[in-house]
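Visitor: One predicted model, sequence on top.
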Amino acid sequence: MNTRISQIAYTPLMCVVLIGIAALLVQCSDQPVEISPAPFVQETPPPNDVTVTSAPIVPGTNLAAANETFIRVAKAARPAVVTIVSVTTASGNTPPTSQFFNDPFFRRFFGDEFGRHQQPQERRQQGMGSGVIVSSNGYILTNNHVIDQADEIRVLFGDKREFQGTLIGTDPKTDIAILKIDATDLPSLPWGNSDQLQVGEMVLAVGNPFGHLNQTVTMGIISAVGRANMGIVDYEDFIQTDAAINPGNSGGALVNLSGELIGINTAIFSRSGGYMGIGFAIPSRMAKAVMTSLIEHGEVIRGWLGVSIQDLNPTLAEQFSAPDTKGVLVGDVIENSPADEAELQRGDIIRQYHGNVIDDAAHLRSLVAETSPKTSVHLIILRNGQSQTVVVNIGTLPKDLTALSPTQRTQETHPLSAITVAPVPPEHTRGNIGVIVRDVTQGSPAQRAGLRQGDILLEINREKILDVLSFKQLASRLDHQKPILVLLRRGNTTLFMTISPN
């Protein structure tokens, strides 16, 4: 079982305070320091023409209201957060003599008695995490890594009740798992809209740190939204918070001040393994979509657009007449995909998807995956600097993307200069265009940008490369003081790249 949140570091706050006070009493010289009391100020009566009144005492109404809000939300959320106990049965190491005892000739003469004592012993390992009740009839959300490979799952309530948990389904690509217990009229958390979260918004995290501190509530703010490329799971769109998340909090609730579930606490960033004020939660939008698919279909059915995309940088944005780096650049369109049927083109910039402004490739990928197949989605794109609206009917993500040509992997590099090219070998030819890179000069701008031997160049500054002669003609017309835009194919991936002059 994978424990993603582990260890804790305690901050010696009192020592820091005392050291800080001591520092105020010491100068940076060897001379003795004289500590003098504050001078006594004698009170003088006010002038006769001045009326003295006491300042009104204003009760801390705002603070009191906030305090009542925290109490109310915590009181509602705590009963809906449970402890998840997962038990895994593991076999011990096989004794080195077991193969000898199992030999048929040995057993023929000496029987099975010797070998019986050499069998591997089973060990039961127990892990603990958190879960969130999301329906009164017993559906529970937790993390996949909390129950991964578990042979037995138990659900413990704060009121000491215990239920056997049934695994409905898991999705390792988002680290979501759905459990069900045989119970009714359970306390549950209502869904919140994680898309409306604002950085700085106050939130509460509820979980069971260290397995026995059940229904612990911590407070913090939304530190960031849309965190991706963390290397935690395949589909990442994390909420970042500084609410304390510790070992055992995995699968617990992140709630807003309306008492709504906005995230499932999943991981922390730490150099020591302990809490450092950086925690991550799966947004409720993603968790709800995965849960619905698992309950209705027994698996996660993801939407599919069918494009190869990459993030925009300032140079690419300028090359494609984009006002900023918002959105993603289409490097290629999969043949017969929903994008192909909607006539999306290479070089289009997708700025909005279904009303959502696109931040980067990971953001669009998550939004598409959460869209139900056969849904009609409006895209706002830039094509040759002009804004257009395109309607796409989202398809179903294929099981094997590697069978498609080209694939939709996202890579990012920046090429061109001081290279040797040759005709594309027949086994790599697609459409009889392009040249293959045979050599890249070490230390050249192209090499520093990432151009590799074996890359197939397709376009220079939006003009197609037909053959080696065409490549040379296009290259001879380049303005070496300006960045160069290149379209290339690497393996099954087609992407745009830029290279700046020396």
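Guide: Now that the structure is in, tell me what you want to look at. Numbering: from 1, shown residues only.
Visitor: residues touching Val328, list them.
Guide: Neighbour list for Val328: Ile309, Gln310, Asp311, Leu312, Ile349, Ile350, Ile358, Asp360, Ala361, Leu364 [criterion: CB atoms under 8 Å, 6 or more residues apart in numbering]. All C-beta spots, glycine's among them, are computed from the backbone N, C-alpha and C.
Visitor: Now do Leu458: how many residues are near it, please.
Guide: 21 (other CB atoms under 10 Å).
Visitor: where do the helices sit along this structure?
Guide: For the chain, the helices defined by DSSP state H cover 13-24, 61-77, 98-101, 104-110, 113-116, 144-147, 284-297, 314-319, 338-341, 361-369, 445-449, 468-476.
Visitor: so Pro172 makes contact with Asn144?
Guide: Yes. Taking CB atoms under 8 Å as the definition, Pro172 is a contact partner of Asn144 at 5.2 Å.
Visitor: Can you give me the buried ones in stretch 312-330?
Guide: 312, 315-317, 319-320, 322, 325-330 (16 or more other CB atoms under 10 Å).
Visitor: Stretch 82-93 too?
Guide: Of the residues in stretch 82-93, those buried (16+ other CB under 10 Å) are Val82, Thr83, Ile84, Val85, Ser86, Thr88.
Visitor: Could you find the lowest-pLDDT member of those?
Guide: The pLDDT minimum for the buried residues of stretch 82-93 sits at Thr88, where the score is 86.
Visitor: Can you spell out which residues form a bridge with that residue?
Guide: Gln125 (DSSP bridges).
Visitor: Next, the contact list for it, please.
Guide: Met1, Arg124, Gln125, Gln126, Gly127, Gln149, Ala150, Asp151.
Visitor: mind giving me the domain ranges of this protein?
Guide: Taking automatic domain parsing as the reference, the chain has its domains at 79-93+124-300, 303-403, 419-499.
Visitor: Tell me which of the ones you listed sits most buried.
Guide: Mean neighbour count, computed with mean count of other CB atoms under 10 Å, is highest for domain 79-93+124-300 among these, reaching a mean of 20.
Visitor: Distance to Leu197 added to the helices of the chain, as TSV?
Guide: TSV is the format used below for the helices of the chain (distance: least, CB to CB, whole Å):
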stretch	distance to Leu197
helix 13-24	30
helix 61-77	15
helix 98-101	56
helix 104-110	66
helix 113-116	60
helix 144-147	23
helix 284-297	9
helix 314-319	27
helix 338-341	29
helix 361-369	14
helix 445-449	37
helix 468-476	48
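Visitor: between those, which one is nearest to Asp159?
Guide: Among the helices of the chain, the nearest to Asp159 by CB to CB is helix 61-77 (14.0 Å).
Visitor: still on that earlier bit, and the least confident of the contacts of Thr88?
Guide: Lowest confidence among the contacts of Thr88: Met1, with 49.
Visitor: So the closest residue to Gln149 other than its chain neighbours versus Asn265, what's the distance?
Guide: Closest residue to Gln149 apart from its sequence neighbours, by CB to CB, 6 or more residues apart in numbering: Thr88 at 5.6 Å. Between Thr88 and Asn265 the distance is 22 Å, computed by CB to CB, to the nearest Å.
Visitor: same check, this time on Gly248
Guide: Counting by CB to CB - Gly248 and Asn265 are separated by 10 Å.
Visitor: cool, and Ala150?
Guide: From Ala150 across to Asn265, the span is 19 Å (CB to CB).
Visitor: Could you do Gly158 as well?
Guide: Applying CB to CB, the value for Gly158 to Asn265 is 17 Å.
Visitor: How about Leu466?
Guide: 55 Å.
Visitor: for Val330, same thing?
Guide: For Val330 relative to Asn265 (CB to CB), the value is 35 Å.
Visitor: what do you get for Tyr353?
Guide: Going from Tyr353 to Asn265 by CB to CB gives 27 Å.
Visitor: Ala77 now?
Guide: For Ala77, the distance to Asn265 - CB to CB - is 12 Å.
Visitor: try Lys75
Guide: The value you get for Lys75 to Asn265, if CB to CB is used, is 19 Å.
Visitor: so where's the stretch 101-250 of the chain uncertain?
Guide: By pLDDT under 70, the low-scoring segments of the stretch 101-250 of the chain are 101-122.
Visitor: ok, now the stretch 401-502 of the chain?
Guide: Low-confidence segments of the stretch 401-502 of the chain (pLDDT under 70): 401-417, 431-432, 442-443, 480, 502.
Visitor: Tell me where the stretch 351-500 of the chain has strands.
Guide: Under the criterion DSSP state E, counting those that start in this stretch, the stretch 351-500 of the chain contains strands at 356-357, 376-383, 386-393, 395-396, 419-423, 435-440, 456-460, 463-464, 484-490, 493-499.
Visitor: Reformat those as a markdown table; add distance to Ala339.
Guide: What follows is these, written out as a markdown table (distance: least, CB to CB, whole Å):
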| stretch | distance to Ala339 |
| --- | --- |
| strand 356-357 | 17 |
| strand 376-383 | 9 |
| strand 386-393 | 6 |
| strand 395-396 | 9 |
| strand 419-423 | 30 |
| strand 435-440 | 27 |
| strand 456-460 | 18 |
| strand 463-464 | 21 |
| strand 484-490 | 17 |
| strand 493-499 | 13 |
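Visitor: To Ser293, which of these lies closest?
Guide: strand 395-396 (11.3 Å).
Visitor: what packs against that closest one?
Guide: Helices and strands touching strand 395-396, by 3 or more CB pairs under 8 Å, 6 or more residues apart in numbering; DSSP states H and E, are strand 303-304.
Visitor: Okay, now the sheet partners of the strand it packs on, with direction.
Guide: Assessed with DSSP bridges, strand 303-304 is paired to strand 395-396 (antiparallel).
Visitor: just how off-centre is the partner strand within its chain?
Guide: The chain centroid and the centroid of strand 395-396 are separated by 23 Å, computed with CA atoms, centre = their mean, to the nearest Å.
Visitor: quick one: average confidence on that strand?
Guide: Throughout strand 395-396, pLDDT has a mean value of 94.
Visitor: Run through who's touching it.
Guide: Taking CB under 8 Å, 6+ apart as the rule, strand 395-396 contacts Ile301, Arg302, Gly303, Trp304, Leu305, Gly306, Ser337, Pro338, Pro373.
Visitor: what pairs with the fourth one across the strands?
Guide: So the one you mean is Trp304. Gly395.
Visitor: what sits against it?
Guide: Ser337, Pro338, Val368, Pro373, Ile394, Gly395, Thr396, Leu397, Pro398.
Visitor: For the closest residue to the fifth one other than its chain neighbours, which residues are in contact?
Guide: Right, Ile394. Spatial nearest neighbour of Ile394, chain neighbours left out: Gly303 (4.3 Å); criterion: CB to CB, 6+ apart. Taking CB under 8 Å, 6+ apart, we find Gly303 in contact with Val368, Ala369, Glu370, Thr371, Ser372, Pro373, Thr375, Ile394, Gly395, Thr396, Leu397.
Visitor: Likewise for Asp237?
Guide: Asp237 touches Gly226, Arg227, Ala228, Ile282, Pro283, Met286, Ala362, His363, Ser366, counting by CB under 8 Å, 6+ apart.
Visitor: what's the answer for Leu382, then?
Guide: Leu382 touches Phe320, Ser321, Ala322, Gly327, Asp348, Ile349, Arg351, Gln388, counting by CB under 8 Å, 6+ apart.
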